[in-house]
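Quick one: sequence plus predicted model below, questions after.
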Amino acid sequence: MHLYIRRRRIIAAYFGRFPGFNTSIMALFRSLLFTCVLFISLNMQAVAQARIPVWLGFGAGYGLGLHTTDGTLQCLNDPACPQYTSGNGGGMMFGASLDWRISQKFGILIRSNYFLNSVLMTTTDSRALTKDETGAIVPLVRSHKLDATLPMLHSDLLLNFRFGDFRVFGGGSLGLMMSPTWNSSSEILAPSNVTFGNNRRDTSFFSEQDIAGAASTQLALTAGIGYDIQLSKKIILAPEVSGSLPLSSIITTSDWKQTILAFGVSLRFGMGVVKPEERTKEERIDTITVKNPTIVGNHFSIGKTTVNIETRETEDLKIIAETSRRTDTSIIGAEPPPPPKPPIAKLALYGVATSGEKSALENITVRGKFVTEGFPMLPFVFLTGIPPSSRRGIIR
């Protein structure tokens, strides 16, 4: 632990001798941050663009076939024929493709091609012995050829991942063999005085015939890359490079497998458009005023809300406008009646004379009398603390 801390201190002290080191690190960090922000903004902009979900294409290409065996593949009609171990071939490919783009970054790619496939395998044999022109026993050197035609209907089901215009795809492949045939021939290389039974130095052991024990299906794992070249809004040119690793043998009697490296280009046409949606929402409230003198006071009534949705499309956008409308009513009624006046009491006043006679009075005089009484304040002297001999003089 102490060694680790000290090492960190030594490294920090070493880089601290360079005054521009921290500045360079900050500049690099800012550059990386700017790149990340730019990448995210470009992706967000790409998501907002219109997307064509289905692309149907037709194309052609060339498939290079690399053949390998387990060493048990031999010529027919020649017991001395050695085993074939490898060979190269290939052929043109013609077909169609379907690029289904489920989202902006992911989709499924289906390709189907007719593959005019062939292969040529060669080997040299010197196990047999013969006499040369001098009568000496020498090896018989022969070159053997195995020429096979392996046409097949080749189909791919691939997961397609998009990175801008670049694509990376991978999945499985199925090949259906369409009447595979082969033929075998041989040529004597040495000595020069030896020929076959036909008096020729080359011969065909058998003419073209169906391959015995040929498997009807071929399974493989396929992966590749592609690039989309935009020719117009709905037409793209899609070159692709892919490789297929075999999972099954071409024939059942030997482990004969074919690895395919394919180069192709397709002209694809877009079908349909998926446009990003932009939603807007607007609320409109109106109020109308109605005078109704048959009711008393003012009233307010909330109206019923109606929603209208309109959809319109531009070249790259689908706009959905939602508008809600409501009309409220303000009712102005008659003024309410004034409150009733308070009751007024009516009094009859009579005066009674000393004689006992009553007479009606119109006015009453009320008089009040206020009396104020005053009391003098008498001094009170408390003599508790004065000696008795002194109290008499004070009282006098």
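Now that the structure is in, tell me what you want to look at.

burial count for residue 246?
Residue 246 is flanked by 20 other residues according to other C-beta atoms under 10 Å. Backbone N, C-alpha and C define where each C-beta goes, glycine included.

Quick check: closest non-adjacent residue to it.
With sequence-adjacent residues excluded and distances taken as C-beta to C-beta, 6 or more residues apart in numbering, residue 246 is closest to residue 257, at 4.1 Å.

Same check on residue 209?
residue 181 (6.2 Å).

what about the one you found, neighbour count?
Residues near residue 181, counting by other C-beta under 10 Å: 16.

Looks like it contacts residue 212 (just checking).
No: if you go by C-beta atoms under 8 Å, residue 181 and residue 212 don't touch, sitting 10.7 Å apart.

thinking again about what came up before, which residues touch the residue nearest to residue 209?
By C-beta atoms under 8 Å, 6 or more residues apart in numbering, the contact set of residue 181 is 148, 149, 208, 209, 210, 211.

how near is it to residue 151?
Distance, residue 181 to residue 151, using C-beta to C-beta, to the nearest Å: 9 Å.

Could you do residue 90 as well?
Counting by C-beta to C-beta - residue 90 and residue 151 are separated by 12 Å.

overlap in contacts of the two?
Residues touching both residue 90 and residue 151 (C-beta under 8 Å, 6+ apart): residue 117.

give me phi/psi at residue 135?
Torsion angles at residue 135 (phi, psi; degrees, to the nearest 10) stand at phi 90, psi 0.

got the residue ranges for the strands in the stretch 151-300 of the chain?
152-163, 166-177, 181-190, 202-210, 217-227, 229-232, 235-246, 257-271, 277-296, 298-301 (DSSP state E, counting those that start in this stretch).

Nearest to residue 64 among those strands would be which one?
When the strands of the stretch 151-300 of the chain are compared by C-beta to C-beta, strand 257-271 sits nearest residue 64, at 4.5 Å.

Mind listing the strands that closest one pairs with, and their directions?
Strand 257-271 sits in its sheet next to strand 54-74 (antiparallel), strand 235-246 (antiparallel), going by DSSP bridges.

Would you convert the ones you listed into TSV that also reports mean pLDDT and distance to residue 295?
Shown next, in TSV, are these (pLDDT from 0 to 100; distance: least, C-beta to C-beta, whole Å):
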stretch	mean pLDDT	distance to residue 295
strand 54-74	92	65
strand 235-246	96	72
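
Need the pLDDT of the residue nearest to the spatial centre of the chain.
Closest residue to the average C-alpha location of the chain: residue 105 at 5.6 Å, with C-alpha atoms, centre = their mean. Per-residue confidence at residue 105 stands at 91 (pLDDT).

Next, format the strands of the stretch 151-300 of the chain as CSV and append distance to residue 120.
Shown next, in CSV, are these (distance: least, C-beta to C-beta, whole Å):
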stretch, distance to residue 120
strand 152-163, 17
strand 166-177, 18
strand 181-190, 10
strand 202-210, 13
strand 217-227, 19
strand 229-232, 35
strand 235-246, 18
strand 257-271, 13
strand 277-296, 58
strand 298-301, 94
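
Let me know which of these is the nearest to residue 109.
strand 152-163 (4.1 Å).

Hey, what's the angle from the closest one to strand 217-227? Just curious.
Angle of strand 152-163 versus strand 217-227, following axes from the mean of the first three to the mean of the last three C-alpha atoms, to 10 degrees, is 30 degrees.

Now strand 152-163: buried residues?
Neighbour counts over strand 152-163 (16 or more other C-beta atoms under 10 Å) mark 152, 154, 156, 158, 160, 162 as buried.

orientation of it relative to strand 166-177 in degrees?
170 degrees.

contacting residues around strand 152-163?
Contacts for strand 152-163 (C-beta under 8 Å, 6+ apart): 63, 93, 95, 99, 101, 104-115, 117, 167-178, 218, 222, 242, 260.

Equivalent analysis for stretch 330-340, please.
Outside stretch 330-340, the residues that reach it (C-beta under 8 Å, 6+ apart) are 287-301.

average model confidence for it?
For stretch 330-340, mean pLDDT is 82.

and that stretch, how far out from the chain's middle?
Distance of stretch 330-340 from its chain centroid, counting by C-alpha atoms, centre = their mean, to the nearest Å, is 65 Å.

Please tabulate the buried residues of strand 152-163 in TSV and include distance to residue 356 and pLDDT as additional columns.
TSV is the format used below for these (distance: C-beta to C-beta, whole Å; pLDDT from 0 to 100):
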residue	distance to residue 356	pLDDT
152	150	95
154	145	93
156	138	97
158	134	97
160	130	97
162	126	94
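
want to try JSON lines for these, with distance to residue 137 as columns?
Shown next, in JSON lines, are the buried residues of strand 152-163 (distance: C-beta to C-beta, whole Å):
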{"residue": "152", "distance to residue 137": "47"}
{"residue": "154", "distance to residue 137": "50"}
{"residue": "156", "distance to residue 137": "56"}
{"residue": "158", "distance to residue 137": "59"}
{"residue": "160", "distance to residue 137": "64"}
{"residue": "162", "distance to residue 137": "68"}
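
closest to residue 311 among those residues?
Using C-beta to C-beta, the buried residues of strand 152-163 come closest to residue 311 at residue 162, 28.1 Å.

Distance-wise, check that closest one relative to residue 252.
Distance, residue 162 to residue 252, by C-beta to C-beta: 40 Å.

Dig out what residue 187 forms beta bridges with.
Beta-bridge partners of residue 187, as defined by DSSP bridges: residue 143, residue 202.

Show the model's pLDDT score for it.
84.

With only the CA atoms kept, save stretch 102-119 in PDB.
Extracted C-alpha coordinates of stretch 102-119, given in PDB (Å, rounded to 0.1, in the frame of the first residue of the first chain):
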ATOM      1  CA  ILE A 102     -38.000  -2.600 -37.800                       C
ATOM      2  CA  SER A 103     -36.500   0.500 -36.200                       C
ATOM      3  CA  GLN A 104     -33.900   3.100 -37.100                       C
ATOM      4  CA  LYS A 105     -31.000   0.900 -35.900                       C
ATOM      5  CA  PHE A 106     -32.300  -2.600 -36.200                       C
ATOM      6  CA  GLY A 107     -33.900  -4.800 -38.700                       C
ATOM      7  CA  ILE A 108     -34.000  -8.200 -40.500                       C
ATOM      8  CA  LEU A 109     -32.300  -8.900 -43.800                       C
ATOM      9  CA  ILE A 110     -33.500 -11.800 -46.000                       C
ATOM     10  CA  ARG A 111     -31.400 -12.800 -49.100                       C
ATOM     11  CA  SER A 112     -32.100 -15.500 -51.600                       C
ATOM     12  CA  ASN A 113     -29.600 -16.300 -54.400                       C
ATOM     13  CA  TYR A 114     -29.100 -18.800 -57.100                       C
ATOM     14  CA  PHE A 115     -25.500 -19.800 -56.800                       C
ATOM     15  CA  LEU A 116     -23.800 -21.100 -59.900                       C
ATOM     16  CA  ASN A 117     -21.200 -22.900 -57.800                       C
ATOM     17  CA  SER A 118     -18.400 -25.200 -59.000                       C
ATOM     18  CA  VAL A 119     -15.100 -26.400 -57.600                       C
END
